[in-house]
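Undergrad: sequence and predicted model, in that order:
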Amino acid sequence: MATMLCAFLVAVAVVAASANTVTLKKAQWMDVSDTPQQRAAKLLQSMTIDEKLVMLHGSGGKYTGNVPANTRLNIPSLNLNDGPQGFRAPDASTTCWPSALTVSAAWDPKVSNAWGAAMGAEFWAKGANVQLGPGMNVARVPRNGRNFEYVSGEDPYLGVGLAPAVVTGIQSQHVIANCKHWIQNNQETNRGSASMNVGERPEFEIYYPPWKAASDAGLGSIMCSYNKINHTYSCENNNTLNTNLKERIGFDGWVMSDWGATHSTSINQGLDQEMPSDGWMGSKLKAAVQAGTVSIKTIENSVMRMLVPMFQMGLFDVPNNGTHDANVTSDAHNKLARELSAAGTVLVQNKDGVLPLKNVTKVALIGKAAAQPTVHGGGSGSVVPPYVISPLQGFKSHLGFAPPQPPKPVPYHCDPSKFEHGFDYFQPGNTGAAAKDVDDCCSQCGQRVGCNSFTFKDGTCWYKPNNSGRRPDSAATSGSCRTPQPPPPPPPPGGECTSDGKHCVILSDSDDATKGAAAATGADVAVVFVGTSSSEGSDRKTLALDPSQDALVEAVAKANKNTIVVVVTPGAVLMPWKDQVSAIAVVFMPGQEYGNAIADIAFGTVNPSGRLPITMPNKDNEQQMTQEQYPGLDNAENATYTERLLIGYRWYTQHKVTPAFPFGHGLSYTTFSYSNLQVSGHTVSFSVQNTGSVAGSEVTQLYIKYPDSAGEPPLQLRGFQRVQLGPKQTQTVSFTLKPEPDLSIWDINTHNWATVKGEFGIFVGGSSASLPLVGKLVN
């Protein structure tokens, strides 16, 4: 008995000593005076092999991606969530921000940083600590379905200027940014199998620079893409992951796979984490370690790449009390969403100063999108908006209409005997929220304005306006809680007017050309709202709008000389009627405050200052991409980048083709002049003056031309700066060019930058096609 008691006490002492050791080591890695690298190294020493391996793959959970907490070592869970336009949830509990392309159209790092910080704050408040965004890819293919998600537009230097600001904004909120999709995710056609075949020089000169800039800004994580690069899948591509990203670019965060994009246990090739599960990086990875084909050093390198950003962003030091179900919307964020949307609105045409609207009595608002707009794209970049301000609402508010009365609640009744078990009322795009059971779901629907029917499935209640779309689904239960109410009566034919009769709005909320022309006749101004959208998973079939929308614009333009067109688009769009209308504003994917933002622009509350981050072409495939280039040969399985460096405005400049509207273009309600260009060493300076009568912002742009021997495109962006100026005010702007990489080319023999010597052309102005200052720089 004494022997047994002695053995028991020894065992207890050993356990206690072990616990004390863990506590001591925990105290060591919790010493905030150490660097994040030192803290991570200390923690790594205390982790078992299984604790290390569990961090290298996803597990089940509420978020888009989940890595469980380590309770023994107090390592917080990683809660990863979509997406690049805000926190994607089944309910309307987060802000539907303007898209990345919209924010990029502001050409302003401060705007990008505010957007990133606001998104990061909402992610943190929802309990997430990794934002699956921003998107970074350069827009090679105008029809790419995900161009609206990407901050770079069609130019790497634009991405260089904006991506770090977004990343630092997100990460200022204790949320790790995850830039995606590395790399060459330039098309959605066959994205899961197609090979993007590209040379090393275009990679480093066109497609990599935004990633390098984000990496230098402290980016915590990167997502590798579905596609192949030069016939090897991105998430097992040693050349793009280890050699180019981690060694040559110097990225020291971790690489996770896109969801289901892991095709092998490819940790040796540079993949650090598989998402969303453990098909390759769980038991198979452990077996590889035991077999000696993957070293412990490799495992620890991947874990360190994760732990360091976690320490850097404060995940160990700042408790996160946010929950997935929290409603994180706020008046402050609604206001910011409105400001961001206005900042990213690009006024591309304004004949005879028809905008801003002044002294107008009758305003015709025309098009289905006037009352029912599209404000975000589809796929992981979508967000369920808590509300959407339509242009109709925004214009009426500016014109002094009384705010609409909230709808009166309609009694509801939940009768379980009438629920349909095994059926789904399938209606894509419905919003939803967590529910305890079908009775709770019915009650939620009854208390929600506009919800008359519902579907309960897998713990989520989906709100439906009616019971259409009925289809079998054994996991679903559907029902109705009230009879749909009749739609409100249409507005009077002569328009709806303010109580004092000073302003009237005539609404034609369809794309019918005859009705639109009738509404426009007799109005002081006609505003036509058109648009298109796109989504992850497919490319756009055409850059054109629906033919009915083009016909609508043309009919309205014939009926009213003061026709303004507002275009919602996920990227480049065709505007064949541009010469027939007075003004055109492009808003890209504007977010939930679209109506207020476009009204702010239209009435001059905000002076437009957005600039195009992409070129607007005259026709589909104006860049004359061959089948080999896009979507690729072999049934679109092999896309070859034979255009090399000539994408976007580079192609237009090289081939002397005038686009519909050029890269960098955008108008203001004031005018600007440039003067006094000076080049001293590598510094370019000049003066810009507001020559108009109202305050406004000009986006000054610097382009360079390499010596002919360099084999570069004839014009390339190398600097931009937004300048706010009062009437007649002048400011000096300076840009300093770095020999590497600004005045260099990528040498495929040395695999490094090679500085180009000789005379460079210097061009300064307000767009790639308006460059009044011309000079020379000798390097």
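TA: That came in fine, so what should we check first? Numbering: from 1, shown residues only.
Undergrad: which residues in the stretch 651-779 of the chain form helices?
TA: Applying DSSP state H, counting those that start in this stretch to the stretch 651-779 of the chain gives helices spanning 739-742.
Undergrad: so where's it shaky on pLDDT?
TA: For the stretch 651-779 of the chain, no stretch is flagged by pLDDT under 70.
Undergrad: and the strands in it?
TA: For the stretch 651-779 of the chain, the strands defined by DSSP state E, counting those that start in this stretch occupy 672-680, 683-690, 696-705, 716-725, 730-736, 744-747, 752-755, 759-765, 773-778.
Undergrad: other residues contacting stretch 626-638?
TA: Contacts of stretch 626-638 with the rest of the structure, by C-beta atoms under 8 Å, 6 or more residues apart in numbering, involve 141, 143, 187, 189-190, 193-195, 197, 539, 639-643. Backbone N, C-alpha and C define where each C-beta goes, glycine included.
Undergrad: neighbour-wise, which of those leads?
TA: For the contacts of stretch 626-638, counting by other C-beta atoms under 10 Å, the largest number of neighbours falls to A639: 29 neighbours.
Undergrad: grab the nearest non-local neighbour of that residue.
TA: Leaving aside its chain neighbours, A639 sits nearest to G632 (3.5 Å; criterion: C-beta to C-beta, 6 or more residues apart in numbering).
Undergrad: what is the neighbour count of the one you found?
TA: By the criterion of other C-beta under 10 Å, G632 has 21 neighbours.
Undergrad: gap between it and T626?
TA: For G632, the distance to T626 equals 10 Å [C-beta to C-beta, to the nearest Å].
Undergrad: could you list the low-pLDDT ranges of the chain?
TA: Scanning the chain for pLDDT under 70 picks out 1-27, 405-409, 487-491, 493-494.
Undergrad: endpoints of stretch 501-520, how far apart?
TA: 19 Å (C-alpha to C-alpha, to the nearest Å).
Undergrad: what comes up buried for it?
TA: Neighbour-count burial for stretch 501-520, counted by 16 or more other C-beta atoms under 10 Å, picks out 503-513, 516-520.
Undergrad: what is the burial count for K212?
TA: K212 has 22 neighbours, counted by other C-beta under 10 Å.
Undergrad: correction: the previous question concerned A217.
TA: Counted with other C-beta under 10 Å, residues neighbouring A217 total 15.
Undergrad: what of S46?
TA: Neighbours of S46 (other C-beta under 10 Å): 16.
Undergrad: gap between it and Q290?
TA: S46 sits 21 Å away from Q290, going by C-beta to C-beta.
Undergrad: now N560
TA: For N560 relative to Q290 (C-beta to C-beta), the value is 76 Å.
Undergrad: try S99
TA: To Q290, S99 is 46 Å away according to C-beta to C-beta.
Undergrad: tell me which of those two has more neighbours.
TA: With neighbours defined as other C-beta under 10 Å, S99 and Q290 compare such that S99 has more, 33 against 10.
Undergrad: now that one. Nearest residue, chain neighbours left out?
TA: S99's closest residue in space is M589 (C-beta to C-beta, 6+ apart), at 3.6 Å.
Undergrad: please name the residues that touch the one you found.
TA: By C-beta under 8 Å, 6+ apart, the contact set of M589 is 85, 98-99, 101-102, 148, 374-377, 533, 568-570.
Undergrad: let's see that with 10 Å instead.
TA: Residues near M589 by C-beta atoms under 10 Å, 6 or more residues apart in numbering: 85, 96-103, 147-149, 341, 344, 374-377, 381-382, 531, 533-534, 568-571.
Undergrad: what do you get for T736?
TA: Counting by C-beta under 10 Å, 6+ apart, T736 makes contact with 680-685, 719, 742.
Undergrad: tell me the most packed of those, by neighbour count.
TA: Most neighbours among the contacts of T736, by other C-beta under 10 Å: V684, with 24 neighbours.
Undergrad: what about that one, distance to F735?
TA: Computed as C-beta to C-beta, the V684 to F735 distance reads 5 Å.
Undergrad: hey, where'd the strands end up in the stretch 151-300 of the chain?
TA: For the stretch 151-300 of the chain, applying DSSP E, counting those that start in this stretch gives strands covering 176-182, 195-197, 221-224, 228-229, 232-233, 254-257.
Undergrad: partner strands of the fourth one and their direction?
TA: Which is strand 228-229. Sheet pairing for strand 228-229, assigned by DSSP bridges, gives strand 195-197 (parallel), strand 232-233 (antiparallel).
Undergrad: before we move on, back to that, please identify which pair of the buried residues of stretch 501-520 lies farthest apart.
TA: Across these, no pair lies farther apart than H503 and A513, at 25.7 Å, counting by C-beta to C-beta.
Undergrad: hang on, isn't V764 packed against F672?
TA: No - at 11.8 Å, V764 and F672 do not qualify as touching, with contact defined as C-beta atoms under 10 Å.
Undergrad: identify the contacts common to those two.
TA: With contacts defined as C-beta under 10 Å, 6+ apart, the residues shared by V764 and F672 are 688, 700.
Undergrad: from the contacts of T736, which is closest to M223?
TA: D742 (28.2 Å).
Undergrad: which non-adjacent residue is nearest the closest one?
TA: R718 (5.4 Å).
Undergrad: surely that neighbour meets F760?
TA: Yes - using C-beta under 10 Å, R718 is in contact with F760, at 9.5 Å.
Undergrad: of those two, who's got more company?
TA: F760 (23 against 20).
Undergrad: could you list every residue that touches that one?
TA: Neighbouring residues of F760 by C-beta under 10 Å, 6+ apart: 679, 682, 704-707, 710, 712, 718, 737, 742-743, 775-779.
Undergrad: which among the residues you listed count as buried?
TA: When the contacts of F760 are checked for burial by 16+ other C-beta under 10 Å, the buried set is 679, 682, 704-706, 710, 712, 718, 737, 742-743, 777, 779.
Undergrad: list the buried residues in the regular element (helix or strand) spanning L365.
TA: Per DSSP states H and E, L365 falls inside strand 362-366. Residues of strand 362-366 classed as buried by neighbour count (16+ other C-beta under 10 Å): 362-366.
Undergrad: in the stretch 351-500 of the chain, which spans are strands?
TA: Here the stretch 351-500 of the chain has its strands, by DSSP E, counting those that start in this stretch, at 362-366, 420-425, 432-434, 453-457, 460-464, 470-480, 496-497.
Undergrad: quick one: closest of these to G61.
TA: For G61, the closest of these is strand 432-434, at 13.8 Å, according to C-beta to C-beta.
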